[in-house]
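[1] fold the following.
(one chain, ligands or ions: 1)
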Amino acid sequence: MIGFGTRLEQAIDGPGRLCVGIDPHPYLLHQWGLGDDAAGLRDFGLRVVEASAGRAGIVKPQVAFFERHGSAGFAALEEVLRQARAAGLIVIADSKRGDVGSSVEAYGQAWLTPGSPLEADAMTVSAFQGVGSITAPLELAARHGKGLFVLAATSNPEAAAVQTAIIGSGARSGLTVAAGIVADVTDWNRGDPSARIAGVGVVLGATVDFAAYGIDTAAADEGPGTPILAPGFGHQGARFDQVNAIYGAAASRTIVAASRSILTAGPSGLAAAITSHANEVGA
Ligand SMILES: O=c1ccn([C@@H]2O[C@H](COP(=O)(O)O)[C@@H](O)[C@H]2O)c(=O)[nH]1
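    All right, here's what the predicted structure looks like:
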């Protein structure tokens, strides 16, 4: 079994580090001439998959937009996930699941079990109930060669108050919440020395002032490097030509996520928009 970190490394070294978001906002469905219904979602998702294949290595469906349509939306998402994986794309389900351990285990099974209807290559999870709460999906991911991206310093400005709060007790006492999560994930990854890039990553938004969060992206990880899922470019304000400056030594394991700045190109401009974003983001 090839681990998620190795597959990510191959994607970054091949098609590159751009991750195309599949975010069927209602206004985009309208702009694309599609209905705000399950058929529209399916069509939208499959067109993004088709345009991304060969031009980008990674796609990230935003689960929320499919969930709006209940079971029909999930059926559309299942088809998009299947086609994206069949096209050789790495699929990160942006599901942001989190809960007490016994419940988050079920979320992990839904998104990361081979053969599951919603099988993806990786999912986003929230560890704000404690990194210990996500042990079950961490173990499941390791068992199946899947990945997890743990929210740490998110791109939205209102997150700062919580994510820069200082941890008051325990092994990470004195660190910010965000830095504590990064440290816990980095520790978890120490167990897997086989790859340049580890199987478990963190979400570090490109709009974040990392110094204010006590996060050092120049710090060398011992063993495989923790991959970074980096939203916040384009529509949220961070500049694509600043990836290396923002992420420093960690840039070579940073996945640059972009949704609206690509998707607003519409179905006819999609392939060109992906190519130009991929070129701008570079390696
Ligand atoms: O910190 C975070 C975590 C996730 N996201 C998600 O990424 C995309 C960004 O969309 P854009 O259109 O490129 O702004 C979206 O699905 C968010 O839910 C994030 O923005 N920030």
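
[2] next up, the contacts around V104.
    97-98, 125, 129, 133-134, 136-137 (C-beta atoms under 8 Å, 6 or more residues apart in numbering). For the C-beta atoms, the positions are set from N, CA and C on the backbone; glycine is no exception.

[3] ok, now I246?
    Per C-beta under 8 Å, 6+ apart, neighbours of I246: 206, 217, 230, 238.

[4] quick check, the first one in contact with F233.
    Yes. Using C-beta atoms under 8 Å as the test, A206 is close enough to F233 to be in contact (5.2 Å).

[5] between the two, who's got more neighbours?
    Ranked by neighbour count (other C-beta atoms under 10 Å), A206 and F233 place F233 first, with 27 against 24.

[6] per-residue pLDDT of the more buried one, please?
    Among the per-residue scores, F233 holds a pLDDT of 98.

[7] wait, it sits on I255?
    No. Under the criterion of C-beta under 8 Å, F233 is not in contact with I255, lying 10.8 Å apart.

[8] how about the residues of the stretch 151-283 of the chain by the ligand?
    Taking C-beta under 6 Å from any ligand atom as the criterion, the neighbours of the ligand within the stretch 151-283 of the chain are 154-156, 203, 205, 231, 234-236, 257-261.

[9] who wins on neighbours among these?
    Per-residue neighbour counts (other C-beta under 10 Å) across those peak at A258, which has 30 neighbours.

[10] in contact with the residue lying closest to A53 once chain neighbours are set aside, which residues?
    Distance criterion C-beta to C-beta, 6 or more residues apart in numbering; nearest residue to A53, sequence neighbours excluded, is A87 at 4.1 Å. Residues in contact with A87 (C-beta under 8 Å, 6+ apart) are 49-50, 52-53.

[11] those, buried ones only, as a PyMOL selection?
    Restricted to buried positions by 16 or more other C-beta atoms under 10 Å, the PyMOL selection for those reads:
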select buried, resi 49+52+53
